[in-house]
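In: Structure, please.
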Amino acid sequence: MNKGKGAAGLESYVRQALMMPKSPPMFILPDMKRPRLDVLHVYMNIGSFTDPVALGGRDAVNKKLLQLSEIDKPSDLQKWDEWGAPKGSPGQSPWCLKKMERELMG
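Out: Coordinates of the predicted model:
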């Protein structure tokens, strides 16, 4: 759904979610890419979503904190660049969230 910079996958997901019995769904977007934000705005403006959330993910963390040595980083930022699955597993592309990014978002 969040491959690259496009929004077509997201829009398909949104349309499907709006057809579900307990619509509108709670919607959390894990990035701040403009095309995907625009999709959320369109559906929010027509009343399909009441309170979607877009999180900055890696952009929400101060880069200076990530440059600290592992021992000096806050515990929630340690092992920031590690995946939560074995090397070579699906979902390890640059645009995919790493384990600690997902934990930060809750």
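
In: ok, and for the host helix or strand of residue 102, which residues are buried?
Out: Following DSSP states H and E, one finds residue 102 within helix 99-105. For helix 99-105, the neighbour count (16 or more other Cβ atoms under 10 Å) marks 100, 101, 104 as buried. Yep, even glycine has a C-beta here, placed from its N, CA and C like the rest.

In: just those residues: which has the poorest pLDDT?
Out: For the buried residues of helix 99-105, the weakest pLDDT value sits at residue 104, with 79.

In: As TSV, the buried residues of helix 99-105 with distance to residue 47 would be great.
Out: Rendered in TSV, the data for these read as follows (distance: Cβ to Cβ, whole Å):
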residue	distance to residue 47
100	36
101	31
104	31
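
In: can you map out the helices along the chain?
Out: 8-18, 34-45, 63-66, 99-105 (DSSP state H).

In: wait, what's in contact with residue 50?
Out: Going by Cβ atoms under 8 Å, 6 or more residues apart in numbering, residue 50 touches 24, 44.

In: Next, the contact list for residue 52, please.
Out: Per Cβ under 8 Å, 6+ apart, neighbours of residue 52: 27, 28, 29, 40, 43, 44.

In: Now with 7 Å, please.
Out: Counting by Cβ atoms under 7 Å, 6 or more residues apart in numbering, residue 52 makes contact with 27, 29, 40, 44.

In: From residue 53, how far off is the spatially most central residue of the chain?
Out: Nearest to the geometric centre of the chain sits residue 30, at 1.4 Å (Cα atoms, centre = their mean). Per Cβ to Cβ, to the nearest Å, residue 30 is found 10 Å from residue 53.
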